[in-house]
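**Q** predicted model follows, preceded by the sequence.
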Amino acid sequence: MPLFAYYATFDESLDIVRNLCAEGFSIIPNSSVLDEPATRRFESVEDDLVDHFRKGPQFYIAGPFTHLPIHFKRLQTGPQAGKYLVDESTDGPLLQASIARVNVIDGKPRLISGDVILQKTYRDSRTGEWKPPSAEVTAAYEAVVTLIAKKAGRYVAGVPIRITPAALALFERGEAHIDRPDVVPPSRP
């Protein structure tokens, strides 16, 4: 499954989401379980969406490629029985994503990657068949990746990564770390 990962600060990630909206994409928060089979769709970055991102980074991207309504799964068992989840595997379709940010983990600032994912297959809600993403969905994924890549430049830290300017400044000054064994922090005198 194609995945494009990048590093950014929270504010830079919000700028990326604003750019997605400006390009005609909609943002659907991934709020885990829902009381009803409905969720809000944002056409711009509003306070409610920022609040969602402060609580959790996951979201879905919809756009002109999303031809069918969002599908929901009703949980049948467990403590959340009767509640709903967005069914991102069933056609709509949706792209899955998360924002990059800096989190403090064990007292140390860490750059946490954001990403956008193109699923290998989507379930056709009419036939139940699993099909590869359409050319339109693939083109939307590529457009989102291109938009993020304009903000998150290529940087070699042992391996190539994509990172935005403010996140890179934190990384280069040693003020935030990336917890990946293949990422080498810059050496400082």
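**A** Structure's in. What do you need? Bear in mind the structure is a predicted one, so any value in this text is a computation, not a measurement.
**Q** Tyr141 against Leu118, yeah?
**A** Yes: assessed by Cβ atoms under 8 Å, Tyr141 is found in contact with Leu118 at 4.1 Å. The way it works is simple: take the backbone N, C-alpha and C, and place the C-beta from them, glycine included.
**Q** between those two, what contacts are shared?
**A** Common neighbours of Tyr141 and Leu118, counting by Cβ atoms under 8 Å, 6 or more residues apart in numbering, are Pro2, Leu95, Pro133.
**Q** what's the helix or strand for the last one?
**A** With elements taken from DSSP states H and E, nothing contains Pro133; it lies in neither a helix nor a strand.
**Q** need the phi and psi values for it.
**A** Here is the backbone geometry of Pro133 (degrees, to the nearest 10): phi -60, psi 150.
**Q** so where do the strands sit in this protein?
**A** Assigned by DSSP state E, the chain shows strands spanning 3-6, 26-29, 58-62, 72-74, 84-86, 95-98, 101-105, 108-112, 114-117, 122-123, 130-131, 153-156, 160-163.
**Q** out of those strands, nearest to His52?
**A** Ranking the strands of the chain by proximity to His52 (Cβ to Cβ) places strand 26-29 first, at 4.2 Å.
**Q** and that closest one, what does it pack against?
**A** Contact here means 3 or more Cβ pairs under 8 Å, 6 or more residues apart in numbering; DSSP states H and E; on that basis strand 26-29 packs against helix 10-22, helix 47-55, strand 58-62.
**Q** name the nearest of the shared contacts of Tyr141 and Leu118 relative to Val45.
**A** Leu95 (17.3 Å).
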